[in-house]
Each structure stands twice: as structure tokens, then as C-alpha cells.
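Enquirer: Show me the folded form of this:
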Amino acid sequence: MVKRVFDIVFSFFALILISPLLLLISILIIIDSKGGVLYRQVRVGRGNADFYILKFRTMRPDSDKAGLLTVGDRDNRITKVGYFIRKYKMDELPQLLNVLMGDMSIVGPRPEVRKYVDMYNEEQLKVLDIRPGITDYASIEYCNENVLLAKSDNPEQTYINEVMPAKLKLNLKYINEAGFANDIKIIFKTLGKIVS
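Expert: Alright, predicted model coming up:
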């Protein structure tokens, strides 16, 4: 209950506070390339239920048809403005609306696409027992995941066999250590990572 109240209050006031930034980013996206401002993608949330995650669009339209993973610093599908807002994780800001609507929390396991969730084992499926979040241990540890995957000869297999299991292990660690104080610690760690 405390977590949900915090999520609502935090996301509501954060959206008001950063509304000028959200407007500026929206204008830059419109000027930079054709397509909508927001990108909606189906992710898997609590209870194994699908929902639409919201992000600022950072790629050219229909780019996800070429693959779900982003590889390297300079994926040629990413727009000029998209590269900048991805670098500073600003593409994730619209997810505050997901938090307000109850699909997500500020802190919790990052929601995955159905294709990869269908590969989870019974233990890993426990991450679907709670609301997914904007940030968590795995988000901090793998903030440069795209660069890591760029070094692989087969990025998707590296993601499936190495990155995804490691992230899920961190997700399960979060669930075992869940608590309001821990959430605050993760929020500050995330902000520190972005600034650094």
C-alpha cells in the first residue's frame, strides 16, 4: 500500500515538474523525424498480463521489425534526437504515466517483451508476481547493455543466454529484498548512474 501511494504521488508531481522538459523533447522529436512522439510497445507485467509501455520515440517508424534489441552506440535506426535522449535515459520518462495508471511502479523488475518472457523458467516467472518498474538493480548494472551486445557476434543469443538470466537473477534479488527503504536507495543509485 505504501509503495503504491508513493508511486502515485511521485509520478504525479514528477510529471508536473518536468512537463516543460517533456514538451521540449516532444517538439525536438517532431522536428527531427517523421512519426509520432510516443512509442508504444507490448510488454509483460504483473500476473503475466500484457500492457503497453510508453517511451519517447527514438527510432524511425517500424524499426522494431528489424529486431527487438538495440545494438551498439550508433544503431542506424536511432534518430539524432533519439540518440541524445537515450543516452540520458530521457526516453523512459513517459513511463511515469504507466506508473500513474498502475501498470508499473517507480522501482521494480523491468518489463520484458512476450518473446523473451516465454523463455522464462518457473523460478524466473516469479518476477511477474509484482508490478514491473522503471528502474531496478538490473537497469543500473546493465545501463550500457546495447554496447555490450554490440561486441557479440550473435547479440540475440548473447542476450538470451547471458544477459537475460543475469538480469533476472538481479530481479529476484530485488524481490527478496523488497522494501520502501531499498526502493529509495535504488532511485538514488539510478540518478547517480545517469549523472555519472
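Enquirer: tell me the SS of K55?
Expert: strand (DSSP: H, G, I helix; E, B strand; the rest coil).
Enquirer: which strand residues sit across from it in the sheet?
Expert: Y39 (DSSP bridges).
Enquirer: burial count for it?
Expert: The local packing of K55 (other C-beta atoms under 10 Å) involves 19 other residues. Every C-beta, even on glycine, is put in place using the N, C-alpha and C of the backbone.
Enquirer: Could you pull out the helices in the protein for me?
Expert: In the chain, the helices defined using DSSP state H lie at 2-17, 19-32, 80-87, 95-101, 114-117, 137-141, 145-150, 155-158, 164-176, 180-195.
Enquirer: List the buried residues of the fourth one.
Expert: Same thing as helix 95-101. 95-96, 98-100 (16 or more other C-beta atoms under 10 Å).
Enquirer: For G108, find the nearest of the helices of the chain.
Expert: helix 164-176 (7.3 Å; C-beta to C-beta).
Enquirer: Ranked by average pLDDT, which of the helices of the chain falls at the bottom?
Expert: For the helices of the chain, mean pLDDT drops lowest on helix 145-150, to a mean of 83.
Enquirer: Any buried residues in it, and which?
Expert: 145-146, 148-150.
Enquirer: repeat for stretch 122-133
Expert: Here stretch 122-133 shows 124, 126-128, 130-133 as buried, counting by 16+ other C-beta under 10 Å.
Enquirer: out of these, who's nearest L17?
Expert: For the buried residues of stretch 122-133, the residue nearest L17 by C-beta to C-beta is G133; the value is 19.5 Å.
Enquirer: What residues does that closest one make contact with?
Expert: Taking C-beta atoms under 8 Å, 6 or more residues apart in numbering, we find G133 in contact with 104-110.
Enquirer: And F180, by the same measure?
Expert: 2-3, 6.
Enquirer: try Q157
Expert: Under the contact definition (C-beta under 8 Å, 6+ apart), no residues are listed for Q157.
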